[in-house]
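Participant: structure here, sequence nowhere to be found:
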């Protein structure tokens with residue numbers, strides 16, 4: 001599924017990023033489908049294929065990360081959703097902390113992973129009053145220039161339309177997409 005790009009630096013950068021992307025997307029897709037086997041909305045411009053500069057590395061060697069956001073209304077009890085998510089996260093070798101905030105209509109339950117070698121942060125949030133579930137992640141930082149990487153993933157100038165080219169939902173039949181060649185929308 002990986003694309004080979006000419007040039008040793010570009011090839012190494014792209015291949016490493018593609019491996020990171022497919023590993024985390026596959027893991028999070030399994031998490032999503034264990035909680036709700038339907039369509040999940042993708043957060044605006046947060047499909048997870050656009051590299052961003054790591055905030056904790058503003059200077060020095062360039063490093064990048066990917067951000068990911070999905071949300072859905074399940075209609076399932078919060079306890080059931082969180083138990084399923086906890087089982088999946090632990091099965092993936094992650095050690096989430098469980099947190100609860102607010103009460104009544106403002107209650108929120110969260111499973112939070114921070115500082116893992118795969119994720120700088122991974123949060124599964126459940127809002128019982130609305131039946132909503134939100135999965136947000138930021139991968140751990142990886143070496144490489146995010147601008148150079150984005151030029152490889154999105155090889156055609158997009159005039160700010162990169163977010164519009166990426167999938168807006170994820171469901172049971174979805175396959176992670178990491179390359180957006182010219183002419184595809």
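Facilitator: Now that the structure is in, tell me what you want to look at. Here the structure is a predicted model, which means the values were calculated and not measured.

Participant: distance check, residue 152 against residue 113.
Facilitator: The gap separating residue 152 from residue 113 is 28 Å, by CB to CB, to the nearest Å. C-betas here are computed from N, CA, C, even on glycine.

Participant: and what of residue 134?
Facilitator: Per CB to CB, residue 134 is found 14 Å from residue 113.

Participant: repeat for residue 119
Facilitator: According to CB to CB, residue 119 stands 5 Å off from residue 113.

Participant: same deal with residue 138?
Facilitator: On the measure of CB to CB, residue 138 and residue 113 end up 11 Å apart.

Participant: between the two, which one's more packed in?
Facilitator: Shown here are residue 138 and residue 113; by other CB atoms under 10 Å, residue 138 has more neighbours (22 against 19).

Participant: give me the common contacts of residue 138 and residue 113.
Facilitator: 119, 121, 122 (CB atoms under 8 Å, 6 or more residues apart in numbering).

Participant: highest neighbour count among those residues?
Facilitator: Going by other CB under 10 Å, residue 122 tops the shared contacts of residue 138 and residue 113 with 25 neighbours.

Participant: doesn't residue 101 make contact with residue 126?
Facilitator: No: taking contacts as CB atoms under 8 Å, residue 126 lies outside contact range of residue 101: 11.0 Å.

Participant: more neighbours, these two?
Facilitator: Legend: neighbour count by other CB under 10 Å for residue 126 and residue 101, higher for residue 126 (25 against 10).
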